[in-house]
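**Student:** A structural model of the following input is requested.
(one chain, ligands or ions: 2)
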Amino acid sequence: MTTDAPRLEIKDICCAFDGRRVVDNVSLRINRGQVTCLLGPSGCGKSTTLRVIAGVEMQDSGEIYVDGKLICDTAHRVPPERREIGLMFQDFALFPHLSVADNVGFGLKTGGKAERRARIEELLERVDLKRFIDGFPHQLSGGEQQRVALARALAPKPKIMLMDEPFSGLDNRLRDGIRDETLTILKEQDTAVLLVTHEPEEAMRMADEIALMRDGRIVQQGAPYNVYTRPMDRAAVAFFSDANVIAAEVNGALARTPFGSFLAPGVPDGTPVDIVFRPQHLRIDFDRAGQGPKPTASDGTAVRALVERSRFMGNESLVEFRLDHDGSVLKSTVPNVFLPKPGTVMWLTIRRDRCFIFPVSERTDKGT
Ligand SMILES: Nc1ncnc2c1ncn2[C@@H]1O[C@H](COP(=O)(O)OP(=O)(O)OP(=O)(O)O)[C@@H](O)[C@H]1O
Ligand SMILES: [Mg+2]
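**Tutor:** Numbers count the residues shown, from 1 in each chain. Ligands and ions are numbered 1, 2, ... in the order given. As a prediction, the model looks like this:
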């Protein structure tokens, strides 16, 4: 009966501090070998959710199941050390008086001495630290200590791994390798992983599923492709990239803007909307004796703008434009090197098939 159950399931978890709900009815299901990323702004309740699952924080209501078995509700509670949950938190700490090998072996309760030593060696090899096996934490750099903590968390083959920004202290070059290796180990072990990250790229790279969290709630959840291409609102677009926003109002199922009209089917007349699109979907054309490109039905109308700033970002260039008609700024990313001088006149169109139109309940100037 329990084999079909998700490895980890949490149902309607609520947790409040001083009367303020920090985790608000959060439910999640994570299968064996699946990675779910919890992505959201600072303070939205990500770490608290992980702490509740780990058992170091007590929820006010809601249940936690592992392989279909209830391990915690408000009446019944398996203590943290018996949950078979591995933890890798932001504030990891190694035991300073134990060697690297003993730190990694700390959670290994079973097996003979040789078997344990072999497991420790294997893990240190995989995080590229075998040479430090008999060293002590104070002899290691911060990033190296973090990798030891990672090996320590992986060693007992936990059923569930909770990771709170576990790769944040590693430099870029190391991070990709360690991240992929960690993921391979966790998948091999059929571990269900709940990973907190601030970085959308990390989430896209690692996650089978992304759960967007805001103000204690999960507001959208799905495969990275779906969450990226069908964001629920403007803030969900902005989680993954810069977002350009044009304000408009709907009339006759069309949102009219200087860039032409955008289809807004089903949106009542008079509704204010945000037309939101990513910088890679702003098209740029050169000025041709005071003219832009000839408008086509699918491209709408070209709008005149001046280059405000150009920056080279490595894989792409970021160009900011100030629009003639209202002085607002739109951002564009262009593959490779494209660095027009500030003040250059250009003409902009928007890829209509890549725009999102969101009704706005109340028009404010501040973005989210
Ligand atoms: N033990 C506590 N007592 C009181 N308030 C708390 C406690 N733990 C967390 N909070 C509050 O709960 C809110 C959510 O905190 P949490 O650490 O879960 O956020 P987070 O999403 O992990 O943020 P970050 O990305 O900055 O780590 C914050 O406003 C925080 O101040
Ligand atoms: Mg946190």
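**Student:** quick one: low-confidence ranges for this structure?
**Tutor:** Across the chain, the ranges flagged by pLDDT under 70 are 1-3, 295-297, 362-368.
**Student:** most remote residue from it's center?
**Tutor:** Ala289 (44.8 Å; Cα atoms, centre = their mean).
**Student:** against Val345, how distant is it?
**Tutor:** 11 Å (Cβ to Cβ, to the nearest Å). All C-beta atoms are positioned from the backbone trio N, CA, C, and that covers glycine.
**Student:** check Pro258 too.
**Tutor:** 16 Å.
**Student:** for Ala5, same thing?
**Tutor:** 62 Å.
**Student:** Gly266: what secondary structure?
**Tutor:** What DSSP: H, G, I helix; E, B strand; the rest coil gives for Gly266 is coil.
**Student:** how about it, nearest residue that isn't a chain neighbour?
**Tutor:** Of all residues not flanking Gly266 in the chain, Ala253 sits nearest, at 7.3 Å (Cβ to Cβ, 6 or more residues apart in numbering).
**Student:** what's the answer for Ile85, then?
**Tutor:** Spatial nearest neighbour of Ile85, chain neighbours left out: Ile160 (4.6 Å); criterion: Cβ to Cβ, 6+ apart.
**Student:** what are the bridge partners for that neighbour, then?
**Tutor:** Ile85, Ala192 (DSSP bridges).
**Student:** surely it meets Leu195?
**Tutor:** No - look at Ile160 against Leu195 with Cβ atoms under 8 Å: they stay out of range, at 11.5 Å.
**Student:** out of these two, which sits in the busier spot?
**Tutor:** Leu195 (28 against 23; other Cβ atoms under 10 Å).
**Student:** ligand 1 contacts on the stretch 1-150 of the chain?
**Tutor:** Residues of the stretch 1-150 of the chain found near ligand 1, taking Cβ under 6 Å from any ligand atom as the criterion, are 17, 22, 40, 42-48.
**Student:** one more time with 5 Å
**Tutor:** 17, 22, 42-48 (Cβ under 5 Å from any ligand atom).
**Student:** kindly reformat those residues as a markdown table containing secondary structure and neighbour count.
**Tutor:** Listed next are those as a markdown table, based on DSSP: H, G, I helix; E, B strand; the rest coil; neighbours: other Cβ atoms under 10 Å:
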| residue | secondary structure | neighbour count |
| --- | --- | --- |
| Phe17 | strand | 11 |
| Val22 | strand | 19 |
| Ser42 | coil | 7 |
| Gly43 | coil | 11 |
| Cys44 | coil | 21 |
| Gly45 | coil | 23 |
| Lys46 | helix | 25 |
| Ser47 | helix | 21 |
| Thr48 | helix | 20 |
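**Student:** hmm, which two among those residues are most spread apart?
**Tutor:** Phe17 and Ser42 (15.7 Å; Cβ to Cβ).
**Student:** and Phe259, how many residues sit next to it?
**Tutor:** 24.
**Student:** repeat for the one 5 residues further on
**Tutor:** Residues lying near Ala264 (other Cβ under 10 Å) number 22.
**Student:** what's the answer for Asp102, then?
**Tutor:** Asp102: 16 neighbours (other Cβ under 10 Å).
**Student:** kindly report the same for Val100.
**Tutor:** 27.
**Student:** angles on the backbone of it, please.
**Tutor:** As for Val100, its main-chain torsions (degrees, to the nearest 10) stand at phi -60, psi -50.
**Student:** so what's it up against?
**Tutor:** 124, 129, 132-137, 140, 148 (Cβ atoms under 8 Å, 6 or more residues apart in numbering).
**Student:** how far away is it from Phe167?
**Tutor:** From Val100 to Phe167 the distance is 19 Å (Cβ to Cβ).
**Student:** hang on, isn't Thr197 packed against Leu39?
**Tutor:** Yes - with contact defined as Cβ under 8 Å, Thr197 counts as touching Leu39 (6.3 Å).
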